[in-house]
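# Okay, predicted coordinates and the sequence, questions at the end:
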Amino acid sequence: MEAKSASASGNYLNNAVTNKAFVNFMRSYSQQNYGLDVVAISVQGSKAWNKLTYKQKDKYRTLDAARNAMSEMHTDACCPKRCKRKPCCPKRSKRKPCCPPPKPRCPVRRRRPCCRPKCSKPKPRCPKRAKPCAKRSNPCAKRKCQKPIVAPLTNSGYLNFMNLFRRKYDHLEPNDLVVRGARAWCRMPEYKKDRFRRQRRLASTS
């Protein structure tokens, strides 16, 4: 029982760290892209979060580290890389060897064979086997029970949730709406997230 409780507490702390980092990332991302719509910020922010490595996500635990990391990402994307300068001093040419290289020898001529090779006769092919007759379907046979097909989980669960969250809290500003929606999504249990993942993507209404 103690081992199970310890593992559960460890998983909860890891989820808390990643949830806090995701909220900080969405806050800084919405501040950098202030002119965009809420749906566009949530879509582009989730895609940018999935592209980050674990070390980059770990930088977003605190707000100061999140601002520094976001400024680094912004400068890397905007500023082009500087071209490397060529060295001032040219490289010295290699000295030629004192001894001249040996002259190439003439290739040895091959002798032609006296008799031409005989053409190989084509081998007789085996006749093709006749295909077996197809089995007739028995109309009296029982049909097998088919299991219901479960809808696959998609990555649009967060977007479906943000559309519903935006309709519920339409009086909030875009930045506050994105931050609060990210917090609510992180606190939500997995079985509720699966409901939004199975839904079809709702039509975005401006």
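Yep, it's here.

# need the helices for this protein, in chain order.
In the chain, the helices defined using DSSP state H lie at 2-32, 38-51, 54-58, 63-78, 157-168, 174-187, 190-198.

# List the buried residues for the fifth one?
Applying a neighbour-count criterion of 16 or more other Cβ atoms under 10 Å, one finds 157-163, 165-166 buried in helix 157-168. (Each C-beta comes from the backbone N, C-alpha and C, glycine too.)

# Return the member of those nearest to Val38.
Nearest to Val38 among the buried residues of helix 157-168 is Arg166, at 5.5 Å by Cβ to Cβ.

# Could you pull up the residues touching that closest one?
Residues near Arg166 by Cβ atoms under 8 Å, 6 or more residues apart in numbering: 38-39, 177, 181.

# rewinding a little: ok, the buried residues of helix 157-168 vs Gln32, which is closest?
Met162 (18.3 Å).

# List the contacts of the closest residue to the closest one other than its chain neighbours.
Of all residues not flanking Met162 in the chain, Ser42 sits nearest, at 4.6 Å (Cβ to Cβ, 6 or more residues apart in numbering). Going by Cβ under 8 Å, 6+ apart, Ser42 touches 26, 158-159, 162, 178, 181.

# Can you pull out the low-pLDDT segments for this structure?
By pLDDT under 70, the weakly predicted segments of the chain are 1-18, 62-100, 113-124, 132-155, 200-206.

# can you do 90?
1-161, 163, 168-177, 181, 187-188, 191-206 (pLDDT under 90).

# which one of the contacts of Arg166 sits closest to Arg110?
Val39 (76.1 Å).

# Quickly note the distance from Gly181 to Arg111.
86 Å (Cβ to Cβ, to the nearest Å).

# before we move on, what about Gln32?
According to Cβ to Cβ, Gln32 and Arg111 sit 80 Å apart.

# Likewise for Lys57?
Shown here: Lys57 relative to Arg111, a distance of 73 Å by Cβ to Cβ.

# the more surrounded of those two?
Neighbours were counted for Lys57 and for Arg111 using other Cβ atoms under 10 Å; Lys57 has more, 17 against 6.

# okay but that one is in contact with Asn50, surely?
No. The pair Lys57 / Asn50 is not scored as a contact, 9.9 Å apart, by Cβ atoms under 8 Å.

# burial count for Leu36?
Count around Leu36 with other Cβ under 10 Å applied: 17.

# these two touch, right, it and Val43?
No. Checked against Cβ under 8 Å, the pair Leu36 and Val43 is beyond contact range at 9.6 Å.

# Go through stretch 36-45 and flag the buried ones.
36, 38-39, 41-43, 45.

# Make JSON lines out of those and add distance to Leu172.
Formatted as JSON lines, those follow (distance: Cβ to Cβ, whole Å):
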{"residue": "Leu36", "distance to Leu172": "15"}
{"residue": "Val38", "distance to Leu172": "9"}
{"residue": "Val39", "distance to Leu172": "14"}
{"residue": "Ile41", "distance to Leu172": "13"}
{"residue": "Ser42", "distance to Leu172": "13"}
{"residue": "Val43", "distance to Leu172": "18"}
{"residue": "Gly45", "distance to Leu172": "17"}
